[in-house]
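In: Sequence first, then the predicted structure, then my questions.
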Amino acid sequence: MEVDDEIIKPKENEQDNRKPIVVILIGAPGSGKSVFCDNVMRVSTRPWVRVCQDTIGNGKSGTKAQCLALASTSLKDGKSIFIDRCNLTIEQRADFIKLKESYQVDIHAVVLDLPAKLCISRSVKRTGHEGNLQGGKAAAVVNQMLRKKELPKLNEGFTRITFCQTENDVQEAVNTYGALSSSDILPFGVFGEKKTDTKVQLGIMKFLKRVDAPSKVTSDKTISEPSNHHVDERQEQSGTQPLDGVPTLAFPSISTADFQFDTEKASDIIVETVEEFVHKIGNGRLVLVDISHGSKILSLVKSKAVVKNIDPTKFFTFVGDLTKLRSGGGLHCNVIANAANWRLKPGGGGVNAAIFDAAGPDLETATKKRAGSLSPGKAVTIPLPSTSPLFSKQGVTHVIHVLGPNMNPKRPNCLNDDYTTGCKILREAYSSLFENFASIVRTQEKSSDCEASNCDDEKTKKLKGFIEVNESNNSNKDWGTWAQVLYKIAMHPEKHRNGVVEILDDVVVLNDVYPKAQRHILVIARAEGLDRLADVSRKHLPILRTMHDVGVKWARTFLKENQSLVFRLGYHSSPSMRQLHLHVISQDFDSKHLRNKKHWNSFNSPFFRDSVDVIQQVSEEGRLTLNDDQKFMSMELRCNRCRSAHPNIPRLKSHIAICKSPFPAKLLQNDRLLQNAANKDDNV
DNA sequence: GTTCTAGAAC
DNA sequence: GTTCTAGAAC
């Protein structure tokens, strides 16, 4: 990490532009966070403020809220800040990352991921530490904290992440930040050991399960070299499922080769369309593939994806041959896209020729059966017969032909530089491609749900999931009968009087059959096709507001009956029951029906989306970000008031029955909680 | 021995 | 979503 190469110096006329940054330090006690800050601040010409939770209360330890307040005032003054607290979990970091929106600043992470032993020995030896973590107890605390460690990812909102595993790494990071003047900025991305260009590769490495920690990322080459084939061996043994069982679409850049589409414009369209679809492909992933190392389109897309914070495990770029991804690159993609010609015929060179070649006559026959031609902007899915070498050797089960716009005057239907039409068609092409892929993913999910009961043979099971494509994506088939109850009530509330407390034109209000708290009702939308948050777009704002208002009205009614209740309104990010429903739930969680971790975490983790935040995000961004929600279900059990952790549900329940701590600051903001005024004072 | 979780079945 | 239950954790 050569410092001089790294820093981006501003242009002459920007010299005065101060660009404050927020650097969130991440590390256990004893990892050297405070020393890091001191060392940077000692040499830096940039104004820094160290926000240290251990000392913020007049030299004594303080609260996260105090840290946030100091962070805000410092940023307002144009000062850069270090957030000097452990910040080991996503949740602990989240509020500081939000400073990004409020102050338009870059958020960096510096991870002091030093050996636990070292942290412990430093903590144990420490006598005058500001956090007062001394003696033998330190070992237990450090171990406990490290167990909960969640390494940061760009999609949390970081613009730059630096991992340090050794003291040398730490010194390099000190040098980098120490040399940063007020107006310098550092490149975005993830920076691991020695090399700087690991941001996308990290995604790949994780995908391939090659690394747990970034320490092993030492090459800045994309994984296509023969030296990186370890994964393949494991793959060969495990049959035709993609690694992790994760459906993956590999696709070439459409129209930028033979059709001569402008790469700059094309890269924008790719990244924008990916951004839109990455939430609609379930657990699937998208990989842009190009055969050449110096590919311009790949590097453009790579950097734009980083800027847009697209989850690098859901989308990344890959250098390799589309027809040899598994055998030649160790990357198993069960679906590949073909940049087809309008006749859907082999030949013509490029990707099209290569794919038809590699797939053998089976693909041509299967294609013919399905379609005779293709219009620009359209895509068609061809299930690949298992006799095709692409299937047997590469594990490809579907080829999606897609046709993009043509800007090459020597090819049919040239658009003569009409980029208005061209961009529109290219966008359609990618949308159609990703939609086809999403449909395959849905089908696979469905068949893996139902296959177990009627099929014993392991291999046949796997093939079944991949081969049988059901083009229809009728959503109600995705839900079991038990999951349709709310939908039925919403459509015919008069037939289900049990539990229904109010029927309006747009919503039905229902007492939850298995309430998880003293008061727990559901406000169900009556709109058809609005199954869950994933279906919500800007056009649903009126119904979201109606649901919220009705929820608030009921909460107020309950508050009149019982002054001590506190209500929270929100949605489950991926609910078990069909039909969008708003939970209005009192925060006592005093209920015999609250029995397991999932119950608790579905109301007390980021899985629970506050109604106010849902409305805000949809009105600002037109849709919601929903990814990787299930991980919250297995989170440790923490008190919703004091955030203390508990080993199991019974212990948690006995704690929450007596905990009188105020609610966390975040919940007290923005009307996320509804309570009587008298209560409010106690809870602040 | 009892308590608790987690996965399958519905 | 719940119920049931094997077996892990205590």
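Out: Looks like it arrived, so ask away. It should be emphasised that the depicted structure is a prediction, and the values quoted were computed from it without experimental measurement. Residues are numbered from 1 along each chain as shown, chains lettered A, B, ... in the order given.

In: Helices along the stretch 551-684 of chain A, start to end?
Out: A:597-603, A:611-621, A:649-658, A:665-668, A:677-683 (DSSP state H, counting those that start in this stretch).

In: Quick check: which of the ones you listed is buried the most?
Out: helix A:597-603 (a mean of 19; mean count of other CB atoms under 10 Å). Heads up, the C-betas are built off the backbone N, CA and C, glycines and all.

In: Any residue of that one touching DNA strand C?
Out: Yes: for helix A:597-603, a contact with DNA strand C is found by CB under 7 Å from any atom of the strand, at A:599, A:602.

In: count of neighbours near residue A:182?
Out: Under the neighbour criterion other CB atoms under 10 Å, residue A:182 is assigned a count of 18.

In: residue contacts, it?
Out: Taking CB atoms under 8 Å, 6 or more residues apart in numbering, we find residue A:182 in contact with A:18, A:19, A:45, A:46, A:47.

In: what secondary structure does it sit in?
Out: At residue A:182, secondary structure determined by DSSP: H, G, I helix; E, B strand; the rest coil is coil.

In: name the element residue A:42 belongs to?
Out: helix A:33-43 (DSSP states H and E).

In: ah, wrong one, I meant residue A:404
Out: Using DSSP H and E, residue A:404 maps to neither a helix nor a strand.

In: thinking it is in contact with residue A:258, fair?
Out: No: between residue A:404 and residue A:258 there is no contact under CB atoms under 8 Å: 9.9 Å.

In: With neighbour numbers in mind, choose between these two.
Out: Taking neighbours as other CB under 10 Å, residue A:404 and residue A:258 compare with residue A:404 leading, 30 against 19.

In: is it true that residue A:386 lies in a strand?
Out: No: counting by three-state DSSP, residue A:386 is not part of a strand but coil.

In: count of residues packed around it?
Out: Neighbours around residue A:386, by other CB under 10 Å: 13.

In: Quick check, it in contact with residue A:395.
Out: No: with contact defined as CB under 8 Å, residue A:386 does not reach residue A:395; the gap is 10.6 Å.

In: Just tell me which of the helices of the stretch 551-684 of chain A ends up closest to DNA strand B.
Out: When these are compared by CB to the nearest atom of the strand, helix A:649-658 sits nearest DNA strand B, at 3.6 Å.

In: my guess is residue A:510 meets residue A:497, correct?
Out: No: taking CB under 8 Å as the definition, residue A:510 is not a contact partner of residue A:497, at 10.5 Å.

In: More neighbours: which of those two?
Out: Under the criterion of other CB under 10 Å, the comparison of residue A:510 against residue A:497 puts residue A:510 first, with 23 against 10.

In: For that one, give me its contacts.
Out: Residues near residue A:510 by CB under 8 Å, 6+ apart: A:486, A:489, A:499, A:500, A:501, A:521, A:522, A:524.

In: The fourth one reaches residue A:492, doesn't it?
Out: No: checked against CB under 8 Å, the pair residue A:500 and residue A:492 is beyond contact range at 10.4 Å.

In: Mind splitting chain A into its structural domains?
Out: What the record gives for chain A is the domain set A:3-196, A:235-467, A:481-683, from automatic domain parsing.

In: As JSON lines, those with mean pLDDT would be great.
Out: Output for the domains of chain A, formatted as JSON lines (pLDDT from 0 to 100):
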{"stretch": "domain A:3-196", "mean pLDDT": "82"}
{"stretch": "domain A:235-467", "mean pLDDT": "83"}
{"stretch": "domain A:481-683", "mean pLDDT": "93"}
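
In: ok, and what's touching stretch A:559-568?
Out: By CB under 8 Å, 6+ apart, stretch A:559-568 touches A:518-519, A:555, A:558, A:584-588, A:603, A:608, A:610, A:663, A:667, A:672-676, A:678-679, A:683.

In: Could you do stretch A:424-441 as well?
Out: If you take CB under 8 Å, 6+ apart as the criterion, stretch A:424-441 is touched by A:247, A:249, A:251, A:254-255, A:261, A:265-266, A:269-270, A:272-274, A:276-277, A:280-284, A:286, A:335, A:337, A:376-381, A:398, A:400, A:402-405, A:415, A:469, A:471, A:473.

In: If we check DNA strand C, which of those are in contact?
Out: Of these, not one also sits near DNA strand C (CB under 7 Å from any atom of the strand).

In: Only whichever of those are buried, select them in ChimeraX.
Out: Selection of buried members from these for ChimeraX, criterion 16 or more other CB atoms under 10 Å:
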select /A:247,249,251,254,255,261,266,269,270,273,274,277,280,281,283,284,286,335,337,376,377,378,379,380,381,398,400,402,403,404,405,415,469
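
In: Now stretch A:521-537: buried residues?
Out: Neighbour-count burial for stretch A:521-537 flags A:521, A:522, A:523, A:524, A:525, A:526, A:530, A:531, A:532, A:533, A:534, A:536 (criterion: 16+ other CB under 10 Å).

In: what kind of secondary structure is the fourth one in?
Out: To tie it back to what came earlier, the one meant is residue A:524. strand.

In: tell me the contacts of it?
Out: Contacts for residue A:524 were tallied using CB under 8 Å, 6+ apart; they are A:486, A:489, A:490, A:507, A:508, A:509, A:510, A:579, A:580, A:581, A:582.

In: Helices along the stretch 251-400 of chain A, start to end?
Out: So, for the stretch 251-400 of chain A - with DSSP H, counting those that start in this stretch - the helices run A:263-277, A:296-307, A:325-329, A:350-359, A:361-370, A:389-394.

In: Out of the buried residues of stretch A:521-537, which two sit at the greatest distance?
Out: For the buried residues of stretch A:521-537, the farthest-apart pair by CB to CB is A:521 and A:534; their separation is 22.8 Å.

In: coming back round to it: between the buried residues of stretch A:521-537, which sits nearest residue A:641?
Out: Proximity of the buried residues of stretch A:521-537 to residue A:641 (CB to CB) peaks at residue A:521, which lies at 22.1 Å.

In: Just to check, the closest one is in contact with residue A:508?
Out: No: between residue A:521 and residue A:508 there is no contact under CB under 8 Å: 10.6 Å.

In: can you pull the buried residues of stretch A:68-85?
Out: The neighbour-count check on stretch A:68-85 (16+ other CB under 10 Å) flags A:68, A:70, A:71, A:74, A:75, A:79, A:80, A:81, A:82, A:83, A:84, A:85 as buried.

In: Identify the residues contacting the closest residue to residue A:545 other than its chain neighbours.
Out: Closest residue to residue A:545 in three dimensions, ignoring its sequence neighbours and counting by CB to CB, 6 or more residues apart in numbering: residue A:615, at 6.4 Å. The neighbourhood of residue A:615, defined by CB under 8 Å, 6+ apart, consists of A:541, A:544, A:545, A:548.

In: now for the host helix or strand of residue A:170, which elements pack on it?
Out: Residue A:170 belongs to helix A:167-178 when assigned by DSSP H and E. For helix A:167-178, the packing partners by 3 or more CB pairs under 8 Å, 6 or more residues apart in numbering; DSSP states H and E come out as helix A:3-6, helix A:33-43, strand A:106-112, strand A:160-164.

In: and the contacts of residue A:510, which of them are in strands?
Out: Residues of those located in strands (DSSP state E): A:500, A:501, A:521, A:522, A:524.

In: now the residues you listed in CSV, with distance to residue A:654?
Out: As requested, the ones in strands among the contacts of residue A:510 are exported to CSV (distance: CB to CB, whole Å):
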residue, distance to residue A:654
A:500, 34
A:501, 31
A:521, 26
A:522, 28
A:524, 33
